[in-house]
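>>> Need coordinates for the following:
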Amino acid sequence: MVARPNVEALVAEAEAVLAVLPGGSFSEDLLASVLERDSTVDAVTVALGELAARQVIQPVPGRSGRWLVACDVAARARARTTGPGTLGSAGVDGDGDDAVRRGVLAWYQATTRSCALALSPHSPRLDNPTPGAVEASGWSSEQACAWFTDELPALLHLLGEHSTVEPETRVWLADYLQPACATLADPAVWLVVCQHGITAATQVGDLAAVAQMHCQATEALLRHGELEEAARHAHAAIEAARRAGAHRVLGNAFHCLGLIALRQGELEAAAAALSDAINAYSHPEYRPRSLGLAFRRLALVHSAADRTQAAFAAIEHSIALLEGAGDSRAAAASRLEHADLLLHQGHRDHAIAVLDEIRPTITDAGSPTHRARLVEVGARAAHGSSAIETALHALLTAACAYEQARDPERATAARARHARLVSDRSGPWLP
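The predicted model follows:
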């Protein structure tokens, strides 16, 4: 058992170490310093819980979070022989158990939010942080990706059906993991996170969260190519959002339905669903970013339906909204589609100028899919100037990039264009 005086001594020593660390940030040095004392894992976890509760530590990416959750794993192993346990209960009684629990959850709430902030800084979920959570700001996207890859097993453990974490916290974790899942996770893993979120949100009766998790499940299933199941989740999201009166989430649900119709080639249905999304986003609580993304997708629908003027109007509106919202990454992605429209209309020089302007932003900060799309549109530009070898190389590069971004449909389309160009170098660009 862990005695409280030992915990208090550890906290005091940790605070003393923090006082001399640059910026007062938590680090591996602090962890090593604490572990040098002959203390149990539980005692150190309690100490970290106390520091988190006092908001004197800032979590940073690294092994520390994975180490913290070992306390929970140990508790479960002991529970098989000593009876049921709760999160972080191994070897600690009373207040100590609560401190371990706070330590583990405070750490994961802080690091999960920091990951979301790095990967999706304009996400509306970041408007409402959990009260009392420690903020670990300033992560790069590379740090966030490394953290998610390392921590995914522990996070799934905390979200799982046998987790003793309260459902409210599981809803929060599942929601804040969405940017990382969308960027890095296999679609099947992403879907598991969404299903855990749906279960937890249903348990607490949070219809808006239920709707949002169904929306995210729709996107995961779209990535997996399961359109019918994706449509089922989209309709469930619409129903839950309407019951909750959640206009932004309702817009997301219609947006998802529009993506499904677009993938199925049902252009009029896609345009109708995206128009419904735009109407929902136009409610007084709307966010310009959400509208900007919907107008980008509407531009793609108009382009596919050969409504060129409407496509240009939609993409220009998208760019203006996203730039007005201060989202340079999303604005660059919309300008990428603008460049593609320009190429369609034969305005190659203008398109190349746009591509040159946005290349640094997309290369440095764009999603894997947008980086692949940049290469693909560049291949179209090369094809338009009869630089066939350049276009062939770019198409293969784009196909590989789409595969790495877990976008098999676009990867297949890029390879089909490559095969067509190999067989007929003077032929037209496949739509």
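
>>> can you pull the buried residues of stretch 232-251?
For stretch 232-251, a neighbour-count test (16 or more other C-beta atoms under 10 Å) marks 233-242, 244, 246-251 as buried. C-beta coordinates here come from the backbone N, C-alpha and C atoms, glycine included.

>>> Next: stretch 144-161.
144, 145, 147, 148, 151, 152, 154, 155, 157, 158, 159.

>>> Can you list which of these are found in helices?
Those of the buried residues of stretch 144-161 mapping onto helices are 144, 145, 147, 148, 151, 152, 154, 155, 157, 158, 159, per DSSP state H.

>>> okay, those in a markdown table with distance to residue 401 next?
Shown next, in a markdown table, are these (distance: C-beta to C-beta, whole Å):
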| residue | distance to residue 401 |
| --- | --- |
| 144 | 20 |
| 145 | 16 |
| 147 | 23 |
| 148 | 20 |
| 151 | 25 |
| 152 | 22 |
| 154 | 29 |
| 155 | 27 |
| 157 | 32 |
| 158 | 32 |
| 159 | 30 |
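
>>> Contacts for the helix or strand where residue 193 lies next, please.
Applying DSSP states H and E as the criterion places residue 193 in helix 187-204. By C-beta atoms under 8 Å, 6 or more residues apart in numbering, the surrounding residues in contact with helix 187-204 are 152, 155-156, 159-161, 167-168, 170-171, 174-175, 177-178, 181-182, 185, 207, 209-210, 213-214, 216-217, 219-221, 223-224, 406.

>>> Pull it out as PDB, backbone CA atoms only.
Extracted in PDB, the C-alpha atoms of helix 187-204 (Å, rounded to 0.1, in the frame of the first residue of the first chain):
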ATOM      1  CA  PRO A 187     -10.600   2.900 -41.200                       C
ATOM      2  CA  ALA A 188     -11.500  -0.200 -39.200                       C
ATOM      3  CA  VAL A 189      -9.800   1.200 -36.100                       C
ATOM      4  CA  TRP A 190     -11.400   4.600 -36.700                       C
ATOM      5  CA  LEU A 191     -14.800   2.900 -36.800                       C
ATOM      6  CA  VAL A 192     -14.200   1.100 -33.500                       C
ATOM      7  CA  VAL A 193     -13.400   4.500 -31.900                       C
ATOM      8  CA  CYS A 194     -16.700   5.900 -33.300                       C
ATOM      9  CA  GLN A 195     -18.700   2.900 -32.100                       C
ATOM     10  CA  HIS A 196     -17.300   3.300 -28.600                       C
ATOM     11  CA  GLY A 197     -18.300   6.900 -28.800                       C
ATOM     12  CA  ILE A 198     -21.800   6.100 -29.900                       C
ATOM     13  CA  THR A 199     -22.200   3.600 -27.100                       C
ATOM     14  CA  ALA A 200     -20.900   6.100 -24.400                       C
ATOM     15  CA  ALA A 201     -23.000   9.000 -25.800                       C
ATOM     16  CA  THR A 202     -26.100   6.800 -25.800                       C
ATOM     17  CA  GLN A 203     -25.500   5.900 -22.200                       C
ATOM     18  CA  VAL A 204     -25.400   9.500 -21.100                       C
END
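
>>> Tell me which residues of the host helix or strand of residue 356 come out buried.
Taking DSSP H and E as the criterion, residue 356 maps to helix 348-365. By 16+ other C-beta under 10 Å, the buried positions in helix 348-365 come out as 348, 351, 352, 354, 355, 358, 359, 361, 362, 365.

>>> among those, which one has the lowest pLDDT?
pLDDT is lowest at residue 365 among the buried residues of helix 348-365; the value there is 77.

>>> and it, how far is that from residue 358?
11 Å (C-beta to C-beta, to the nearest Å).

>>> Could you check the next helix or strand after the helix holding residue 193 and say which residues are buried?
Sequence-wise, the next helix or strand downstream of helix 187-204 (DSSP H and E) is helix 207-224. By 16+ other C-beta under 10 Å, the buried positions in helix 207-224 come out as 207-224.

>>> What of stretch 185-197?
Those would be 185, 187, 190, 191, 192, 193, 194, 195, 196, 197, for stretch 185-197 by 16+ other C-beta under 10 Å.

>>> related to what we said a few turns ago, okay, the buried residues of helix 348-365 in JSON lines with distance to residue 337 next?
Converted to JSON lines, these look like this (distance: C-beta to C-beta, whole Å):
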{"residue": "348", "distance to residue 337": "16"}
{"residue": "351", "distance to residue 337": "11"}
{"residue": "352", "distance to residue 337": "15"}
{"residue": "354", "distance to residue 337": "10"}
{"residue": "355", "distance to residue 337": "11"}
{"residue": "358", "distance to residue 337": "11"}
{"residue": "359", "distance to residue 337": "15"}
{"residue": "361", "distance to residue 337": "14"}
{"residue": "362", "distance to residue 337": "12"}
{"residue": "365", "distance to residue 337": "17"}
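
>>> Which single one of the residues you listed is nearest to residue 139?
Nearest to residue 139 among the buried residues of helix 348-365, counting by C-beta to C-beta, is residue 365 at 13.3 Å.

>>> OK, contacts around that closest one?
Residue 365 neighbours (C-beta under 8 Å, 6+ apart): 141, 328, 329.

>>> For residue 327, see how far away it is.
From residue 365 to residue 327 the distance is 11 Å (C-beta to C-beta).

>>> pLDDT below threshold where in the stretch 101-250 of the chain?
For the stretch 101-250 of the chain, the stretches with pLDDT under 70 are 101-104, 122-138, 162.

>>> For the helix or strand where residue 268 lies, name the packing helices and strands.
If you go by DSSP H and E, residue 268 is part of helix 267-281. In terms of contacts (3 or more C-beta pairs under 8 Å, 6 or more residues apart in numbering; DSSP states H and E), helix 267-281 is packed against helix 247-263, helix 288-304.

>>> Of all those helices, which one is nearest residue 398?
Judging the helices and strands packed on helix 267-281 by C-beta to C-beta, what sits closest to residue 398 is helix 288-304, at 17.1 Å.

>>> and whichever helix or strand comes after that closest one, what's its mean pLDDT?
For helix 288-304, the succeeding helix or strand toward the C-terminus, using DSSP H and E, is helix 308-324. In this model, helix 308-324 has a mean pLDDT of 95.

>>> relative to helix 348-365, how tilted is the helix or strand following helix 308-324?
Taking DSSP H and E as the definition, the helix or strand that follows helix 308-324 towards the C-terminus is helix 328-344. Orientation check (axes from the mean of the first three to the mean of the last three C-alpha atoms, to 10 degrees): helix 328-344 against helix 348-365 gives 150 degrees.
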